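S.K.: Turn this into a model:
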Amino acid sequence: MKLSELTFRGKAALVTGGGSGIGRAIGLQIAGLGGRVCVADLDRDRAESLAAEICAMGGQSVGVQADVTRADAVERMVGAAREAFGRIDVLVNNAGGASGPTFRIGQVRKLTERDWDDTFTVNLKSVFLCVRAVAPLMLAQRGGSIVNMASLTGQFPFPGLPAYSAAKAGVISLTRSLAMELAPHVRVNALAPGLIETPRTSLNRRPEQLEQLLSNVPLARMGTPDEVANLAVYLASDAAAFVSGSVMDCAGGQMWMTQDGRPAFRDADRPG
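M.R.: Down below sits the predicted model:
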């Protein structure tokens, strides 16, 4: 398939954390390409609102409230998607995030056991639960694509985010394991966003923190949810039919930080 022919007609997608931010952008793009979308979110209103928006655009969508950290809730979510569309061709494991006040600032010695457990549950266990529930359907269909949302911190750990970095590294490792386990009929890939402007990433960030972070991004700006969605939609589509087990960065060239959290490079000749 050529990119100019990219379509999701006849396919059904399940997007977790789909009510806002990156998940919302992914759901809208898949729907715009003819796909049917089950929008799953912990916030029922957000899930149903996006589903209604997609339907108003002439698409097909249902909104489902789901806590993807609980096996029973995941099973109900998958059942709702299957009941609505009869199949699931695409699973985007987008739900996740850092837990509590330790986001970006919590060093290991300041983390509580609850912080650690919650971060791993929402970012890594949720992927396991969703894949375990959806994979049998895809294998029975002899086809499917799974996209897991990792993070740049899963490859280049960020000081002050030990639990989140470790959990996202786990998502990357799990992605590669699943790509081998579910082959040849199901492809599994991961995305590793860097600094992306969403309502959640803007919380509790001081201007000086943003300036420091951006000084380590060669493209000198934050990314947008649509830019991440572009890559997610590509990986989910038949245009990426020979891509599996990959981790695709979307980070504006950002690669590393020094151990104390300051940017690893500052080029005085670089504009901005």
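S.K.: So which bits of stretch 72-89 are buried?
M.R.: 73-74, 76-78, 80-82, 84-85, 87-89 (16 or more other CB atoms under 10 Å). In this view, the C-beta of every residue, glycine as well, is placed from N, C-alpha and C.
S.K.: Show the average pLDDT along it.
M.R.: Mean per-residue pLDDT for stretch 72-89: 98.
S.K.: hey, where'd the helices end up in the protein?
M.R.: 21-32, 44-56, 71-85, 113-120, 126-141, 162-181, 207-214, 225-236 (DSSP state H).
S.K.: just those: most buried one?
M.R.: With neighbours taken as mean count of other CB atoms under 10 Å, the helices of the chain reach their highest mean count in helix 21-32, at a mean of 26.
S.K.: got the angle for that helix vs helix 44-56?
M.R.: Helix 21-32 runs at 20 degrees relative to helix 44-56, counting by axes from the mean of the first three to the mean of the last three CA atoms, to 10 degrees.
S.K.: tell me the average confidence for helix 21-32?
M.R.: On average, helix 21-32 scores 97.
S.K.: now stretch 76-85, how far from the centre of its chain.
M.R.: 20 Å (CA atoms, centre = their mean, to the nearest Å).
S.K.: got the CA positions of it in PDB?
M.R.: This file holds the C-alpha atoms of stretch 76-85, laid out as PDB (Å, rounded to 0.1, in the frame of the first residue of the first chain):
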ATOM      1  CA  ARG A  76     -15.800  -5.300  29.400                       C
ATOM      2  CA  MET A  77     -14.100  -2.600  27.200                       C
ATOM      3  CA  VAL A  78     -13.000  -5.200  24.600                       C
ATOM      4  CA  GLY A  79     -16.500  -6.800  24.700                       C
ATOM      5  CA  ALA A  80     -18.100  -3.400  24.000                       C
ATOM      6  CA  ALA A  81     -15.800  -2.800  21.100                       C
ATOM      7  CA  ARG A  82     -16.500  -6.200  19.700                       C
ATOM      8  CA  GLU A  83     -20.200  -5.900  20.200                       C
ATOM      9  CA  ALA A  84     -20.200  -2.500  18.400                       C
ATOM     10  CA  PHE A  85     -18.100  -3.500  15.400                       C
END
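S.K.: Run through who's touching that stretch.
M.R.: When contacts are defined by CB atoms under 8 Å, 6 or more residues apart in numbering, stretch 76-85 is touched by residues 12, 14, 16, 36, 38, 40, 60, 62, 64, 66, 68, 88, 130, 133-134, 137.
S.K.: Tell me how far the closest residue to residue 198 other than its chain neighbours lies from residue 179.
M.R.: Sequence neighbours aside, residue 21 is the residue nearest to residue 198 in space, at 3.7 Å (criterion: CB to CB, 6 or more residues apart in numbering). Distance, residue 21 to residue 179, using CB to CB, to the nearest Å: 26 Å.
S.K.: Same check on residue 51?
M.R.: Counting by CB to CB, the gap from residue 51 to residue 179 is 30 Å.
S.K.: Please apply the same query to residue 65.
M.R.: Residue 65 is 30 Å from residue 179, by CB to CB.
S.K.: before we move on, the earlier item: would you tell me which one of the contacts of stretch 76-85 comes nearest to residue 151?
M.R.: residue 16 (15.5 Å; CB to CB).
S.K.: hang on, the closest one packs against residue 126?
M.R.: Yes - using CB atoms under 8 Å, residue 16 and residue 126 qualify as a contacting pair, with a distance of 7.2 Å.
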